[in-house]
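Novice: need a structure here:
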Amino acid sequence: MNAVLVTGAFGLVGSAVVRQLAADGRDVVATDLDIGAHRKAAAALPSSVQVRYADLTDPAAVDALVEAVRPAAIIHLAAVIPPFIYTRRDLARRVNVDATGYLLAAAPAGTRFVQASSIAVYGSRNPHTVSGLLSADTPTHPADVYGDQKLQAEKLVRDSPLDWVILRLGGVITVDPGAYMKLDNLYFEQLLPIDGRLQTVDVRDVASAFAAATTAPVVGETLLIGGDDSHRQIQGDVAPTMAAAMGLVNGLPTGLPGNPDHDEDWFTTDWMDSSRAQEALGFQHHSWPDMLAETATRAGALRGLLRMVAPLSRTVLRSRAPYHRTGQQFADPWRAIADKWNEPRP
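Specialist: Numbering: from 1, shown residues only. Have a look, this model is predicted:
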C-alpha cells in the first residue's frame with residue numbers, strides 16, 4: 001500500500017504528474033480510459049509505471065481498481081474541462097463529480113486524496129471592481145458549469161473521512177509548441193477579455209505540486225497553484241507572447257477588452273496568492289521568461305517557417321475570430337461560448 005494512483009493520467013497535467021512521481025522514485029499506477037491514444041501514450045512512460053485502464057464513471061470499476069492497487073495516495077486529475085465541457089455537460093458531471101464520489105467511497109481509510117480543482121470556482125473576475133489576490137478564503141461563486149462541478153467535487157472531498165488536500169489550479173501552460181496548434185484552443189483564447197488578469201503556471205510545476213502534496217503536512221488545506229510573480233499576466237498578452245517565442249510574431253489577432261461596468265461578462269481568471277502553497281510544496285521552478293526561452297529553443301527550425309506565415313495566420317484567424325464583424329465594443333465570453341459550443345452557465 002505504497003503506490004500513488006493517478007487518475008486522468010494521460011492528460012496534459014496527468015502525464016506530467018506521472019513522470020514527476022516516477023522521477024522521484026515513487027511507485028506509480030496510472031489510470032485512464034482504454035483508448036488507442038492512451039495506449040500509445042502509455043508505451044512512452046517510464047518502465048516503472050504500472051498502467052491500469054478503468055472507466056471512473058462505473059462505480060464497480062472504481063471499486064475493482066482501488067482494491068487492486070490499494071494506494072497510499074490518490075491524485076485525482078480525471079476531468080472534462082472547457083471548452084468541451086459545454087457540449088458534454090452530463091458526461092462531465094459523471095466524470096467531474098460522480099467519479100470523485102466513487103473514488104472517495106472506495107479508498108481505504110488513511111488514504112491521502114489530492115483533488116485537482118480550479119480557480120473557476122470563484123466565478124467571473126472583473127479587474128476593475130475586484131482587488132487583491134485570490135486566496136483559499138475568497139468567496140466562491142461559479143459562473144459556469146465547470147466551476148460549479150469543481151465546487152461540488154470539492155464539497156465531496158471535504159465531507160470525506162480521508163486525508164484530503166485540494167489544489168486549485170491557475171492557467172496551466174506548457175513549453176511544447178504543438179500543444180497550442182489547435183483551432184478550438186485559439187478560438188477560446190480569442191473570446192476572452194484581453195484585459196482580464198491571469199496567473200499562469202508551467203505544467204511541470206503543477207506536477208511538482210501534486211507530487212509534493214501526497215506527503216507534505218497539508219492535510220485539510222486548500223492551496224492555490226500558480227506560477228511565481230512573473231506569471232501574473234494580462235490575458236491578451238499570454239498567447240501572442242508565447243506564439244512570438246515560437247516564431248509566430250504578430251500572428252494572432254487582437255481580441256476585445258472586457259466591459260468594466262458588467263461584472264458578469266468576465267471570465268474566471270485572476271491573480272493568485274500562492275505563497276502558502278509554495279511554502280508547503282516548493283513547486284515553483286519555471287518562471288515566465290524561462291518558459292519563453294525554452295519554448296523558442298524547442299521550436300527550433302519551426303520558428304523561421306512560422307515567422308514567414310505569421311501575416312497569413314493573423315488574417316485567417318481574424319476572419320474566424322469570435323467577434324469578427326460583430327461591431328461589439330466589449331468581449332462577451334459567455335455569449336460567445338454559447339454561440340460556439342453550448343450554454344456555459346451552471
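
Novice: Which parts of the stretch 201-346 of the chain are strands?
Specialist: Secondary structure of the stretch 201-346 of the chain by DSSP state E, counting those that start in this stretch: the strands cover 222-225, 232-234.

Novice: Rebuild the ones you listed as CSV, extending it with mean neighbour count and mean pLDDT.
Specialist: All C-beta atoms are positioned from the backbone trio N, CA, C, and that covers glycine. Formatted as CSV, the strands of the stretch 201-346 of the chain follow (neighbours: other C-beta atoms under 10 Å; pLDDT from 0 to 100):
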stretch, mean neighbour count, mean pLDDT
strand 222-225, 25, 98
strand 232-234, 17, 97
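
Novice: Take those and lay them out in TSV including distance to Ala73.
Specialist: Output for those, formatted as TSV (distance: least, C-beta to C-beta, whole Å):
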stretch	distance to Ala73
strand 222-225	15
strand 232-234	31
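
Novice: check contacts around the closest residue to Thr269 other than its chain neighbours.
Specialist: Excluding its sequence neighbours, the residue lying closest to Thr269 (C-beta to C-beta, 6 or more residues apart in numbering) is Leu198, at 4.4 Å. By C-beta atoms under 8 Å, 6 or more residues apart in numbering, the residues touching Leu198 are 170-171, 233-235, 238, 269-271.

Novice: ok, now Thr31?
Specialist: Counting by C-beta under 8 Å, 6+ apart, Thr31 touches 5-7, 9, 51-54, 56, 65.

Novice: What's the separation between the nearest residue to Pro260 once chain neighbours are set aside and Ala244?
Specialist: Distance criterion C-beta to C-beta, 6+ apart; nearest residue to Pro260, sequence neighbours excluded, is His128 at 3.9 Å. His128 sits 28 Å away from Ala244, going by C-beta to C-beta, to the nearest Å.

Novice: Ok, Val121 next?
Specialist: To Ala244, Val121 is 32 Å away according to C-beta to C-beta.

Novice: For the nearest residue to Met246 once chain neighbours are set aside, list the residues it contacts.
Specialist: Spatially, and ignoring its direct neighbours in sequence, Met246 is nearest to Ala299 (4.4 Å; C-beta to C-beta, 6+ apart). Under the criterion of C-beta under 8 Å, 6+ apart, the contact list for Ala299 reads 177, 245-247, 306.

Novice: What's the PyMOL syntax to select whichever of the residues you listed are buried?
Specialist: Selection of the buried residues among these in PyMOL, burial being defined by 16 or more other C-beta atoms under 10 Å:
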select buried, resi 177+245+246+247+306
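
Novice: where's the dip in pLDDT among the contacts of Ala299?
Specialist: Lowest-confidence member of these: Pro177, scoring 64 (pLDDT).

Novice: okay, His128 and Ala244: which has more neighbours?
Specialist: Neighbour totals were compared for His128 and Ala244, and Ala244 leads with 20 against 13 (other C-beta atoms under 10 Å).

Novice: Contacts only, for the more buried one.
Specialist: 250-251.

Novice: Model confidence at it, what's the number?
Specialist: On the pLDDT scale, Ala244 is placed at 93.

Novice: Next: the one 10 residues further on.
Specialist: The predicted structure scores Thr254 at 92 on the pLDDT scale.

Novice: same thing with the one 4 residues further on?
Specialist: The model reports Gly258 with a pLDDT of 98.

Novice: Highest neighbour count among the contacts of Thr31?
Specialist: Going by other C-beta under 10 Å, Val6 tops the contacts of Thr31 with 32 neighbours.

Novice: quick one, helices of the stretch 151-300 of the chain?
Specialist: For the stretch 151-300 of the chain, the helices defined by DSSP state H, counting those that start in this stretch cover 183-191, 203-213, 235-246, 275-281, 288-299.

Novice: mind checking which of those is nearest Arg318?
Specialist: Smallest distance to Arg318 across these (C-beta to C-beta): 9.1 Å, for helix 183-191.

Novice: and the angle from the closest one to helix 235-246?
Specialist: Put simply, helix 183-191 runs at 140 degrees to helix 235-246, going by axes from the mean of the first three to the mean of the last three C-alpha atoms, to 10 degrees.

Novice: Report all helices and strands that helix 183-191 contacts.
Specialist: Helices and strands touching helix 183-191, by 3 or more C-beta pairs under 8 Å, 6 or more residues apart in numbering; DSSP states H and E, are helix 235-246, helix 333-340.

Novice: Try it again at 7 Å.
Specialist: helix 333-340 (3 or more C-beta pairs under 7 Å, 6 or more residues apart in numbering; DSSP states H and E).

Novice: can you list contacts of the helix it packs on?
Specialist: Applying C-beta atoms under 7 Å, 6 or more residues apart in numbering, the contact partners of helix 333-340 are 83, 86, 187, 191-193, 267, 322, 344-345.

Novice: and which of those residues is nearest His141?
Specialist: Closest approach between the contacts of helix 333-340 and His141, by C-beta to C-beta: Arg345, at 12.3 Å.

Novice: what about the residue nearest to Asn342 when sequence neighbours are not counted, how many residues close to it?
Specialist: Computed as C-beta to C-beta, 6+ apart, the closest residue to Asn342 that is not its neighbour in sequence is Tyr86, at 4.4 Å. By other C-beta under 10 Å, 20 other residues sit near Tyr86.

Novice: So what pairs up with Ala30 in the strands?
Specialist: Beta-bridge partners recorded for Ala30 (DSSP bridges): Val6, Val51.
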